[in-house]
Structures are given as C-alpha cells and as structure tokens.
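Novice: Task: produce atomic coordinates for the following.
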Amino acid sequence: MNAQQTKQKGFTIIEVVLVLAIAGLIFLMVFIALPALQRNQRDTARKGDASALASAFTTATNNSRGTPPADATIPSTQFGTSGTGVPVFARYIDNLSGNSTSVIIRDRGTATTVTPADGELIIVKAAKCGTDEGTMGPGTKRQIAIFTLLEGGDAVFCQGS
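Specialist: Numbers count the residues shown, from 1 in each chain. Sure thing, here's the model as predicted:
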C-alpha cells in the first residue's frame, strides 16, 4: 500500500520574503520620486503665478490709461483686496497659488540682475528677460519682466510680457 503524501497548502518562507522584498522596493521608489514630483508641482505653480501676474499687470496698466502700477511691496494677505493703504494693483492678483508670499513692483533703473527670495514675485518695469538666469535688459515703457525663485533656491525663472 502506498503511503499518501499530504500536501500542505501555504507559502514557503522564501516566497514570503521575496514578495516583501519586492513590495519594499516599490515603496522605496515611490518615496524617492514623491519629493521630486511635489517640487515640480510647486515650480509649475510659481510659473503659473508669474504668468497670471503678467496678465494682471497688463490689465491694471490698461485700466489706468497706460500708467503702470506704482512701486510697492504687496504681501499675500493683501492679494485681491482694496482696503485702506493697499495698492490698487493688489485687487488684480487674487488667484495666485499659496507658493507666492509677496509681489514686489519696482523700476529697472540700472540693475541687470534680480535675486528674488523664496516665494517672492518681483515685477521689474521697463525691462525684458535676459539670456542668462536672473538677468534682464532694458525694455520699452510697457514691457515688464517677472522673476521668481524656483525650488531648490538655485534657479530664477523669468516671465516677460
């Protein structure tokens, strides 16, 4: 009489360890890629803010019969408001992302470079974007260059009008 072999159902320890190792590698890849994806999203939002700001600046200039907004520093708490002491231009900039903390408007003067702080959007009147990062050249009276710092603190983005 043949002895029947009983087969036990289940996984061997090697199979379990192999599955756990593969799952661990997948989690590792996700956690390595996630910060880069978030950084790219924040950079895209900052570039979008610069584009929206260029449009708002043009609208404000056209609404005031060609006179550009005055030099000012506008904190994010004043975006979209028109209360006492708030620059009129602030009401045009209500749709910026949470990545922008302030908007600075200034004349170009003789400056050729701009170094914004994190979260700042700097509008330089009568300027156009230069060929190198963070540089600008003279522009017409109606041209502006908007500078913002991208993630990591080493890249300056320029949006021209």
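
Novice: Spatially central residue for the chain, please.
Specialist: R46 (2.1 Å; CA atoms, centre = their mean).

Novice: Quick check: that one touching G98?
Specialist: No - with contacts counted by CB atoms under 8 Å, R46 stays clear of G98, the gap being 10.6 Å. Backbone N, C-alpha and C define where each C-beta goes, glycine included.

Novice: ok, the closest residue to A52 other than its chain neighbours to A155 distance?
Specialist: Nearest residue to A52, sequence neighbours excluded (CB to CB, 6 or more residues apart in numbering): N95, at 5.9 Å. Separation of N95 from A155 (CB to CB, to the nearest Å): 24 Å.

Novice: One more: A45?
Specialist: Using CB to CB, A45 is found at 15 Å from A155.

Novice: More neighbours: which of the two?
Specialist: A45 (15 against 12; other CB atoms under 10 Å).

Novice: quick one, phi/psi of that one?
Specialist: In terms of degrees, to the nearest 10, the main-chain angles of A45 are phi -60, psi -40.

Novice: for it, what are its contacts?
Specialist: Residues near A45 by CB atoms under 8 Å, 6 or more residues apart in numbering: S97, N99.

Novice: Any idea how many residues pack against T81?
Specialist: Neighbour number of T81 under other CB under 10 Å is 14.

Novice: other SSEs contacting the least confident helix or strand in the chain by mean pLDDT?
Specialist: Averaged element by element with mean pLDDT, DSSP states H and E, the chain has its least confident helix or strand at strand 72-75 (a mean of 84). If you count contacts as 3 or more CB pairs under 8 Å, 6 or more residues apart in numbering; DSSP states H and E, strand 72-75 packs onto strand 102-107.
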